[in-house]
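A.B. asks: sequence and predicted model, in that order:
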Amino acid sequence: MFKRNRHGIQIKTPEQLEKMRAAGLVVGRTLDLLRRSVEPGMTPLDLDVIAEKAIRDQGAIPSFKGYMGFPASICASVNNEVVHGIPTDARKLREGDIIAIDCGAILDSWHGDSAITVPVGEVEPELLELIRITEEAMWAGIRALTPGRRLSDIGYEIERYVTSQGRFGIPSEYGGHGIGTEMHMDPWIANKGRPGRGPVLAPGMCLAIEPMVNLGTEQTRVLADDWTVVTLDGKPSAHFEHSVAVTHNGPWVLTALDGGKERLSQP
């Protein structure tokens, strides 16, 4: 059994957090494999096949496959695709591309969800910088997950970091979410906004923190497949995500192989 606070947010027991960690490690190990697998000439479908096998070999089930009709085990979003790209063999990855890979797994009825953006071979410096900024923005949001802070502090810290780095677009329609016995749960988490608003963060909450940052404006549109979100101006976008538990000792990054220790120890 599990309980919810007055805002409807699921609160996990220490034992349930351990199960969340186990699911998170399945995702973390799978993404580590996918990061090492990306190379020019592969197709997004090749990566999907690798991901599904890795997830199932660890005794888990892909969260995404069949979710609201989604046909694959990962989302693979290339260049100007922001999120929810469907992996197919219709195109090959080329030197200079970037690809965002979003992966989820269910283990013992608990979910893990994480995303990375990977350069394909040698890429332009501005794309490497976009990737760096998006990942750092995620960690800025994760550092806000301490008891007593407010939900909107997460988006505030993400936006504050991104705007400190230059002019980039942060799509307003997409953000993070609660996670636990379902992949998407309350609360929804904006990647921008004013601090000090919303529910108080408390131990036992598990949240997926996932900034998306565009090289151009924040405006997006959805393609005819009803899944793939692209930038309206055609410029590249990056995406990172970790599932994180709020604990008395601060954030525990459930989908990071080291629990987030290395990055959270940095100032």
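C.D. replies: Noted; the coordinates are in hand.

A.B. asks: the helices in the protein, which residues?
C.D. replies: Assigned by DSSP state H, the helices in the chain fall at 14-37, 44-57, 125-142, 152-164, 261-264.

A.B. asks: CSV please, covering these and showing distance to Ile170 and mean neighbour count.
C.D. replies: (Each C-beta comes from the backbone N, C-alpha and C, glycine too.) Formatted as CSV, the helices of the chain follow (distance: least, Cβ to Cβ, whole Å; neighbours: other Cβ atoms under 10 Å):
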stretch, distance to Ile170, mean neighbour count
helix 14-37, 23, 20
helix 44-57, 25, 20
helix 125-142, 8, 20
helix 152-164, 6, 21
helix 261-264, 21, 14
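
A.B. asks: please identify which of the ones you listed is closest to Glu241.
C.D. replies: Proximity to Glu241 (Cβ to Cβ) singles out helix 125-142 among the helices of the chain, at 6.9 Å.

A.B. asks: what about the closest one, average pLDDT?
C.D. replies: In this model, helix 125-142 has a mean pLDDT of 98.

A.B. asks: show me the contact partners of that helix.
C.D. replies: When contacts are defined by Cβ atoms under 8 Å, 6 or more residues apart in numbering, helix 125-142 is touched by residues 96, 98, 117, 119, 154-155, 157-158, 160-162, 165-166, 168, 176, 191, 209-213, 215, 236-242, 244, 251, 253, 260, 263-264.

A.B. asks: isn't Glu95 up against Glu122?
C.D. replies: Yes - with contact defined as Cβ atoms under 8 Å, Glu95 and Glu122 form a contacting pair (6.1 Å).

A.B. asks: which of those two has more neighbours?
C.D. replies: More crowded of Glu95 and Glu122, by other Cβ atoms under 10 Å: Glu95, with 12 against 9.

A.B. asks: skipping its backbone neighbours, what lies nearest that one in space?
C.D. replies: Computed as Cβ to Cβ, 6 or more residues apart in numbering, the closest residue to Glu95 that is not its neighbour in sequence is Gly121, at 3.9 Å.

A.B. asks: and for Phe70?
C.D. replies: Phe70 sits nearest to Phe64 (Cβ to Cβ, 6+ apart), 5.2 Å away.
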